[in-house]
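1. test case, fold it:
(4 chains)
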2 protein chains.
Amino acid sequence: MLSKKTKYGLKALAYLATQPDKKPVQISEIAEKENISQKFLESILLSLRKTGFLGSKKGKGGGYYLLKSPEEISMTDVMRVLEGPIAMVPCVSLNFYETCDDCPDENTCSVHKLMLQVRDSALDVYRNNTLKDIIS
Amino acid sequence: MLSKKTKYGLKALAYLATQPDKKPVQISEIAEKENISQKFLESILLSLRKTGFLGSKKGKGGGYYLLKSPEEISMTDVMRVLEGPIAMVPCVSLNFYETCDDCPDENTCSVHKLMLQVRDSALDVYRNNTLKDIIS
DNA sequence: GAAAACTCTATTAAATTAGTAGGGTAATAA
DNA sequence: TTATTACCCTACTAATTTAATAGAGTTTTC
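-> As a prediction, the model looks like this:
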């Protein structure tokens, strides 16, 4: 299940991407328009800023804005930052790999075999979508 | 993230699928070989029996066995029973559809658009894999 | 210098997960 | 028929994660 954090983060990014110019948008505006708890959104935007997706400007007339253009923002990167691993089990994760403590051999594990395919198919989707692709 | 329930359920099904004949296999044997808590496995096998994947036999020499041959068991069905919805958000779920309370319009929702593709790609994988395909 | 807006820390309520405990019931072989 | 084996069921719980909420603090800009 997709976490609210990811959902809200994606919506906020999409909202910023539809802005005509690069003028900062206030948290309160995004929160209201996208029906998101302002405080929760605050922490999400903060993490998107720390990971290089957003810039922020303080003071009057401040807010958040995209650091890159929407077509340069890959869903792969966004999902990894917001949701974490794309794989459904750590033993098939590219960026968050871990061995399973219960599994004696990955190569003969049926779960591994299936989840590898699921990961690849999900990666395909994310790699083929930038922020520009998903805004209406 | 894949739940342990699903993981264990898949492993148990795979274990049963590799049995030479259709002789019932005891819970204790599967639990031991696959490193699964016996009691937890018990509840998982029970749900697989109630949903028509497994048959069981009581008494001495009893246990669980597959009701169909491995190539007739689709991962789509298994995943839906063990893990629940394949979609990451209810608004793109085929079997567990729900509207999002926060979203005014699905058709213009970026999250919806992206998750629809993810669901379809996952479904593709599950539809193309039977139990037979994932056993080594 | 005051208002606007971002930043940070801490706390919490609810939900889910992954078990654990323990007894009860049914079927089979001997 | 009787002992054993193995399934069946309910209830409880510890740990973790999620989704906030509260409130104070800091920085910037007009």
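
2. for the rest of this, base every contact and every neighbour count on C-alpha atoms.
-> Will do.

3. which bits of chain A sit near DNA strand D?
-> Selection of chain A residues close to DNA strand D by C-alpha under 7 Å from any atom of the strand yields A:2-5, A:36-37, A:39-40, A:57-62.

4. just the buried residues of the residues you listed.
-> For the residues of chain A next to DNA strand D, a burial check counting by 16 or more other C-alpha atoms under 10 Å in any protein chain shown picks out A:5, A:36.

5. return the subset of the residues of chain A next to DNA strand D lying in helices.
-> A:4-5, A:39-40 (DSSP state H).

6. intersect those residues with the contacts of DNA strand C.
-> Applying C-alpha under 7 Å from any atom of the strand to these, those adjacent to DNA strand C are residue A:39.

7. want to throw the residues of chain A next to DNA strand D into a markdown table with pLDDT?
-> A markdown table is the format used below for the residues of chain A next to DNA strand D (pLDDT from 0 to 100):
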| residue | pLDDT |
| --- | --- |
| A:2 | 94 |
| A:3 | 95 |
| A:4 | 94 |
| A:5 | 95 |
| A:36 | 92 |
| A:37 | 92 |
| A:39 | 90 |
| A:40 | 93 |
| A:57 | 87 |
| A:58 | 87 |
| A:59 | 85 |
| A:60 | 83 |
| A:61 | 83 |
| A:62 | 87 |
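
8. report the buried residues of stretch A:21-38.
-> For stretch A:21-38, by 16+ other C-alpha under 10 Å, it's A:24-28, A:30-31, A:34, A:36.

9. chain B contacts on chain A?
-> A:1-2, A:7, A:10-11, A:14, A:34-36, A:87-89, A:102-103, A:108-111, A:113-114, A:117-118, A:121-122, A:125, A:129, A:134-136 (C-alpha under 8 Å from any C-alpha of the partner chain).

10. separation between the residue of chain A found nearest DNA strand C and chain B?
-> Using C-alpha to the nearest atom of the strand, residue A:63 is the residue of chain A that sits closest to DNA strand C, at 2.8 Å. Going from residue A:63 to chain B by C-alpha to the nearest C-alpha, to the nearest Å gives 22 Å.

11. count of neighbours near that residue?
-> Counted with other C-alpha atoms under 10 Å in any protein chain shown, residues neighbouring residue A:63 total 17.

12. looking at residue A:25 now. What's its pLDDT?
-> pLDDT, residue A:25: 92.

13. fine by me, we can end here.
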